[in-house]
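Engineer: Mind looking at a prediction? Sequence and model below.
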Amino acid sequence: MSTDYKFKKFLTRRYQLLAGVLVLLAAGLVLLPEHPKNEGISPELFVNNVLSDERFISSDELVDRIINKDPSMILVDVRTDSEFKKFTLPGSVNIPLESFLNEEYASYFDQNIYDIILFSNDNFMANEAWLLGNRMGFNNLYVLKGGLNDWFETIFNPTMPPETASKEAFDLYDFRKAAALYFGIGGYEKEIKPVVKKISQTPKKVSPAPKKKKAVPEGGC
């Protein structure tokens with residue numbers, strides 16, 4: 001049994017366990033009292049949303065949106081302030097999970113303009129934030145699948161396809177290598193089309209402002 005097979009089997013079991021935990025969390029959140037200023041969605045719709053995978057966005061898709069400077073999204077790092085300061089994704093704002101429902105941050109989530117991409121080291125904390133936001137009825141919340149762990153493994157350490165792999169597999173590998181160069185990681189032997197520039201890795205800090213109904217949040221890429 002190969003090491004790759006064992007690792008994939010381990011990840012499968014881990015995500016199955018995570019799915020079970022999410023269902024239990026969803027059941028608990030259904031019993032929470034309604035927020036006084038936002039009645040949220042029905043318990044039935046909430047559970048249906050929890051069981052759907054539509055909330056996940058892959059590292060490849062997110063990289064493509066960052067490189068193309070997609071103005072329609074905001075990246076929200078839900079880890080602690082200390083973790084955020086060590087490393088985060090370009091253009092992100094830090095709203096720790098423990099402060100996720102604080103009134104001063106409501107304008108980031110109670111809006112219908114931007115896609116909010118939540119991320120943590122893996123899925124767990126970002127999923128908890130998604131559960132809270134979804135229960136409150138906030139729209140356009142997504143979770144970076146696999147979190148920063150998958151981001152590093154996929155973008156910064158891609159595996160070269162075997163010689164028998166399809167053209168699509170090699171195109172994806174080239175895309176990931178080019179993305180690594182875009183973020184200032186490693187070298188790349190081929191010409192990149194279009195040519196992209198290295199961008200700043202300096203994280204942005206949230207500056208809370210009093211809530212305004214349907215206010216346009218700051219930040220974004």
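Structural biologist: In hand now; what should we look at?

Engineer: Would you map the helices across this structure?
Structural biologist: With helices called from DSSP state H, the chain shows them at 3-30, 43-51, 59-67, 81-86, 106-109, 124-135, 147-151, 167-182.

Engineer: These: lowest mean pLDDT?
Structural biologist: Among these, helix 3-30 carries the lowest mean pLDDT, a mean of 49.

Engineer: wait, isn't residue 180 in contact with residue 153?
Structural biologist: No. Between residue 180 and residue 153 there is no contact under C-beta atoms under 8 Å: 11.6 Å. Every residue, glycine included, has its C-beta placed from N, CA and C.

Engineer: These two: which has the busier surroundings?
Structural biologist: Taking neighbours as other C-beta atoms under 10 Å, residue 180 and residue 153 compare with residue 180 leading, 19 against 13.

Engineer: I'd like to know how far the more buried one sits from residue 155.
Structural biologist: 6 Å (C-beta to C-beta, to the nearest Å).

Engineer: Next: residue 141.
Structural biologist: 23 Å.

Engineer: Ok, residue 178 next?
Structural biologist: Taken as C-beta to C-beta, the span from residue 178 to residue 155 is 10 Å.

Engineer: again, but for residue 110
Structural biologist: Residue 110 sits 31 Å away from residue 155, going by C-beta to C-beta.

Engineer: Same question for residue 93.
Structural biologist: From residue 93 over to residue 155 the distance is 21 Å, taken as C-beta to C-beta.

Engineer: What residues does residue 54 make contact with?
Structural biologist: Neighbouring residues of residue 54 by C-beta atoms under 8 Å, 6 or more residues apart in numbering: there are none.

Engineer: could you redo the last one with a cut-off of 10 Å?
Structural biologist: Residue 54 is in contact with residue 142, counting by C-beta atoms under 10 Å, 6 or more residues apart in numbering.

Engineer: Show the pLDDT at it.
Structural biologist: For residue 54, the predicted pLDDT is 83.

Engineer: Pull up the gap between it and residue 105, please.
Structural biologist: 24 Å.

Engineer: list residues touching both of residue 178 and residue 155?
Structural biologist: residue 63.

Engineer: and residue 87, backbone torsions?
Structural biologist: Note on residue 87: its backbone torsions stand at phi -170, psi 140 [degrees, to the nearest 10].

Engineer: Was I right to think it contacts residue 156?
Structural biologist: No. Using C-beta atoms under 10 Å as the test, residue 87 is too far from residue 156 to be in contact (11.4 Å).

Engineer: Give me the more crowded residue out of those two.
Structural biologist: Neighbour totals were compared for residue 87 and residue 156, and residue 156 leads with 15 against 12 (other C-beta under 10 Å).

Engineer: quick one: the more buried one from residue 129, how far?
Structural biologist: Per C-beta to C-beta, residue 156 is found 24 Å from residue 129.

Engineer: cool, residue 59 as well?
Structural biologist: Per C-beta to C-beta, residue 59 is found 18 Å from residue 129.

Engineer: what does residue 69 give?
Structural biologist: 25 Å.

Engineer: likewise residue 78?
Structural biologist: Distance from residue 78 to residue 129, by C-beta to C-beta: 5 Å.
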